[in-house]
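Chemist: sequence? don't have it. structure:
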């Protein structure tokens, strides 16, 4: 019998959200209105107004919600930086952008210096924002390119990769989950995420069936005991085949079937919140932050990497740890792993293989030494 367990409210691991500048307003909404509108010389009508709203809806789908939020924050930060120095972000000035990224890399005050990757992401956000305002930022201009090259040369560090969750780690993590409705859901999330090599956003975007919800990122089908996931990923629509495991305890198909059976989900979002008394699945889709918190919490409860401090241990694992775990553990031809992860190149897949090929081929001896 399923035991009740109180659902804990979600808390952001990133701390409280940044307080918006009162002078900024809803910048993303203003940009959208400016970008998609009727020409000034065209008189409005019911039909044209409807098409404007339709076009705006499509424009919102051009990038993920998280990407758009990040780009909006990038622009707000740059606009605030300009105002504090008595200048304006428009029109785009490569000279000013060069000074801005230099300040990000070596700030004067107590603000922490940004990594090279974060600075490059800021530049992408600014380039996108300028395009939405009918302007263009020339990133190859020497005032930007040479400063960025110098930042890379002086501050670049090897990328910090998240630790892979290997099969033995996953078994220990699963053992910490309660035997209730919430535990069944989280067990299915971990196993489907690992076996499918899915991103956390892809996991929570799944629906039970095709076209169940407007914000669906894909759906699942149980075919002859296996699961076929149709997924809208970063590289477009793709099929992900998830086969049965060697035992019910570690079988993603069994875990998903148990969750669907006891949650009585037959339509809508696949992974949803559970009622406060723990006895009923709600209609509220989980956020991708739930997957990140689930991984960190079960890693901590399982006592993985006991030689590390709690803070270091939690920093080491994230949603990508499931994808890295599959890539590092599956002893099959690399092309199958590449297809499962949805990578366009084998080189990208190899970045996820943490320890698979390390020192397996001894080129020193092969060379005759």
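Modeler: On my side now, so go ahead. These numbers were taken from a predicted model, which means no experiment stands behind them.

Chemist: when you work out contacts or count neighbours from here on, use the C-alpha atoms and nothing else.
Modeler: Noted.

Chemist: which SS class is residue 241?
Modeler: Using DSSP: H, G, I helix; E, B strand; the rest coil, the three-state assignment for residue 241 comes out as strand.

Chemist: name whatever forms a beta bridge with it.
Modeler: Partner residues in beta bridges with residue 241: residue 228, with DSSP bridges as the criterion.

Chemist: who's in contact with it?
Modeler: 196, 226, 227, 228, 229, 340 (C-alpha atoms under 8 Å, 6 or more residues apart in numbering).

Chemist: again with residue 82
Modeler: With C-alpha under 8 Å, 6+ apart as the criterion, the residues that contact residue 82 are 88, 89.

Chemist: kindly recompute the last result at 6 Å.
Modeler: With contacts defined as C-alpha atoms under 6 Å, 6 or more residues apart in numbering, the neighbours of residue 82 are residue 88.

Chemist: figure out the helix or strand that it lives in.
Modeler: Counting by DSSP states H and E, the secondary-structure element that holds residue 82 is helix 65-84.

Chemist: just to revisit the earlier point, among the contacts of residue 241, who's most crowded?
Modeler: Compared across the contacts of residue 241, residue 196 has the highest neighbour count, 25 neighbours, by other C-alpha atoms under 10 Å.

Chemist: give the closest residue to that residue in space, chain neighbours not counted.
Modeler: Beyond its immediate neighbours in the sequence, the residue positioned closest to residue 196 (C-alpha to C-alpha, 6 or more residues apart in numbering) is residue 242, lying 5.9 Å away.

Chemist: wait, that neighbour sits on residue 225?
Modeler: No. Using C-alpha atoms under 6 Å, residue 242 and residue 225 do not qualify as a contacting pair, with a distance of 9.8 Å.

Chemist: quick one, which of those two is more surrounded?
Modeler: More crowded of residue 242 and residue 225, by other C-alpha under 10 Å: residue 242, with 23 against 13.

Chemist: so how far is residue 327 from that one?
Modeler: For residue 242, the distance to residue 327 (C-alpha to C-alpha, to the nearest Å) stands at 14 Å.

Chemist: picking up where we left off before, the helix holding residue 82 - what's its average pLDDT?
Modeler: Averaged across helix 65-84, pLDDT comes to 92.

Chemist: pull out the buried positions in it.
Modeler: With burial defined by 16 or more other C-alpha atoms under 10 Å, the residues of helix 65-84 counted as buried are 68, 71, 72, 73, 74, 75, 76, 78, 79, 80, 81, 82.

Chemist: I'd like those residues as JSON lines, with distance to residue 212 appended.
Modeler: Listed next are the buried residues of helix 65-84 as JSON lines, based on distance: C-alpha to C-alpha, whole Å:
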{"residue": "68", "distance to residue 212": "24"}
{"residue": "71", "distance to residue 212": "29"}
{"residue": "72", "distance to residue 212": "30"}
{"residue": "73", "distance to residue 212": "32"}
{"residue": "74", "distance to residue 212": "34"}
{"residue": "75", "distance to residue 212": "35"}
{"residue": "76", "distance to residue 212": "36"}
{"residue": "78", "distance to residue 212": "40"}
{"residue": "79", "distance to residue 212": "40"}
{"residue": "80", "distance to residue 212": "42"}
{"residue": "81", "distance to residue 212": "44"}
{"residue": "82", "distance to residue 212": "45"}
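
Chemist: before we move on, the earlier item: closest one to residue 117 out of the contacts of residue 241, please.
Modeler: Distances from the contacts of residue 241 to residue 117 were compared by C-alpha to C-alpha; the smallest belongs to residue 340, at 26.4 Å.

Chemist: any weak-confidence spans in the stretch 101-250 of the chain?
Modeler: Within the stretch 101-250 of the chain, the set of residues satisfying pLDDT under 70 comprises 159, 233-235.

Chemist: now do 90
Modeler: Under the criterion of pLDDT under 90, the regions of the stretch 101-250 of the chain flagged as low confidence span 108-111, 117, 132-134, 155-164, 211, 214-215, 222-225, 232-238, 246.

Chemist: could I get the full set of helices for it?
Modeler: For the stretch 101-250 of the chain, applying DSSP state H, counting those that start in this stretch gives helices covering 116-132, 142-155, 167-175, 181-196, 200-204.

Chemist: check which helix or strand the residue nearest to residue 352 when sequence neighbours are not counted maps to.
Modeler: Leaving aside its chain neighbours, residue 352 sits nearest to residue 324 (4.7 Å; criterion: C-alpha to C-alpha, 6+ apart). Take DSSP H and E as the rule and residue 324 turns out to sit in helix 320-329.

Chemist: for that helix, the distance to its chain's centre please.
Modeler: For helix 320-329, the distance from its own C-alpha centre to the chain's C-alpha centre is 15 Å (C-alpha atoms, centre = their mean, to the nearest Å).

Chemist: show me which positions of it end up buried.
Modeler: Residues of helix 320-329 classed as buried by neighbour count (16+ other C-alpha under 10 Å): 320, 321, 322, 323, 324, 325, 326, 327, 328, 329.

Chemist: try stretch 227-246
Modeler: Neighbour-count burial for stretch 227-246 flags 227-233, 238-244 (criterion: 16+ other C-alpha under 10 Å).

Chemist: name the residues that touch the helix holding residue 324?
Modeler: 162, 163, 164, 165, 166, 194, 197, 352, 353, 354, 356.

Chemist: buried stuff in stretch 269-278?
Modeler: Across stretch 269-278, burial judged by 16+ other C-alpha under 10 Å covers 269, 270, 271, 272, 273, 274, 275, 278.

Chemist: just the ones of the residues you listed in strands?
Modeler: Among the buried residues of stretch 269-278, the members falling in strands are 272, 273, 274 (criterion: DSSP state E).
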